[in-house]
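Engineer: need a 3D model of the sequence below.
(chains A and B)
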Amino acid sequence: DAKTTQPNSMESNEEEPVHLPCNHSTISGTDYIHWYRQLPSQGPEYVIHGLTSNVNNRMASLAIAEDRKSSTLILHRATLRDAAVYYCILRDRSNTGKLIFGQGTTLQVKP
Amino acid sequence: DGGITQSPKYLFRKEGQNVTLSCEQNLNHDAMYWYRQDPGQGLRLIYYSQIVNDFQKGDIAEGYSVSREKKESFPLTVTSAQKNPTAFYLCASSILTPGLVFYNEQFFGPGTRLTVL
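Structural biologist: Sure thing, here's the model as predicted:
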């Protein structure tokens, strides 16, 4: 399974954009990049995913480097409710559907 | 409302006792998963099931057992053989599009926090 590397923690001010980086230098051509987040004492929730092109949804944007060795999750305006652990996950084309979680990035949002 | 329910939220057991954690979903999903999370760590896969009456071991299946007698239910039993059972247990489900399992979003339940005394 390809691995991802994320900073252990980041801080942001409320109402400001947040860029959460993820390195995945061993990514294969068919691996999808998924992001999940986990609020304290809750189960993870899906945020966004992409393959090659940048992606936008109501929660966030995903910017993928041209060589696909890194990606960045962008929260356009951080709120206190965005304080969570953010996981960057590579999903291969196996049929298990399993998610391989790393330690993720703990995002703190300051008022 | 559609979703995944896990019960109970908190569970305390004595060492050496088996305990069963409940997971029910009404999303009509074929695939269901059990993960374990230790403090400050990411989730690790225990077991998963893609169809009724069938399931596969994940990365840390030793000391655990599951059953899938109904599509909507996937209970996990933590047996006395599990050396360090105290953890946060999360159940998830997803649709199962053939050839696209890697693509589909997983929906998670609220979790059960198991403490073995």
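Engineer: state the pLDDT value of residue 26.
Structural biologist: In the absence of a named chain, chain A is used. Per-residue pLDDT puts A:Thr26 at 88.
Engineer: wait, chain B
Structural biologist: B:Asn26 is given a pLDDT of 96.
Engineer: residues in contact with the residue nearest the centre of chain B?
Structural biologist: Nearest residue to the geometric centre of chain B (Cα atoms, centre = their mean): B:Trp34, 2.4 Å. With contact set as Cβ atoms under 8 Å, 6 or more residues apart in numbering or on different chains, B:Trp34 has these partners: B:23, B:45-48, B:58, B:64, B:66, B:74, B:76, B:89-92. (Each C-beta comes from the backbone N, C-alpha and C, glycine too.)
Engineer: again, but for A:Leu80
Structural biologist: For A:Leu80, the contacting residues are A:Glu14, A:Val109, A:Pro111, by Cβ under 8 Å, 6+ apart.
Engineer: give me the number of residues near the closest residue to A:Tyr32 other than its chain neighbours?
Structural biologist: Excluding its sequence neighbours, the residue lying closest to A:Tyr32 (Cβ to Cβ, 6 or more residues apart in numbering or on different chains) is A:Arg91, at 4.7 Å. Counted with other Cβ atoms under 10 Å in any protein chain shown, the neighbours of A:Arg91 add up to 23.
Engineer: and A:Glu66, by the same measure?
Structural biologist: For A:Glu66, using other Cβ under 10 Å, the count is 7.
Engineer: of the contacts of B:Trp34, buried ones?
Structural biologist: With burial judged by 16 or more other Cβ atoms under 10 Å in any protein chain shown, the buried subset of those is B:23, B:45-48, B:58, B:64, B:66, B:74, B:76, B:89-92.
Engineer: farthest pair in those?
Structural biologist: Within these, two members stand farthest from each other by Cβ to Cβ: B:Tyr64 and B:Ala92, at 15.4 Å.
Engineer: can you count the residues close to B:Lys9?
Structural biologist: Using other Cβ under 10 Å, B:Lys9 has 10 neighbouring residues.
Engineer: stretch B:18-32: which residues count as buried?
Structural biologist: For stretch B:18-32, a neighbour-count test (16+ other Cβ under 10 Å) marks B:Val19, B:Leu21, B:Cys23, B:Glu24, B:Gln25, B:His29, B:Asp30, B:Ala31, B:Met32 as buried.
Engineer: ok, and which of the residues you listed reach chain A?
Structural biologist: Of the residues in these, proximity to chain A by Cβ under 8 Å from any Cβ of the partner chain holds for B:Ala31.
Engineer: can you tell me which of the buried residues of stretch B:18-32 are in strands?
Structural biologist: B:Val19, B:Leu21, B:Cys23, B:Glu24, B:Gln25, B:Ala31, B:Met32 (DSSP state E).
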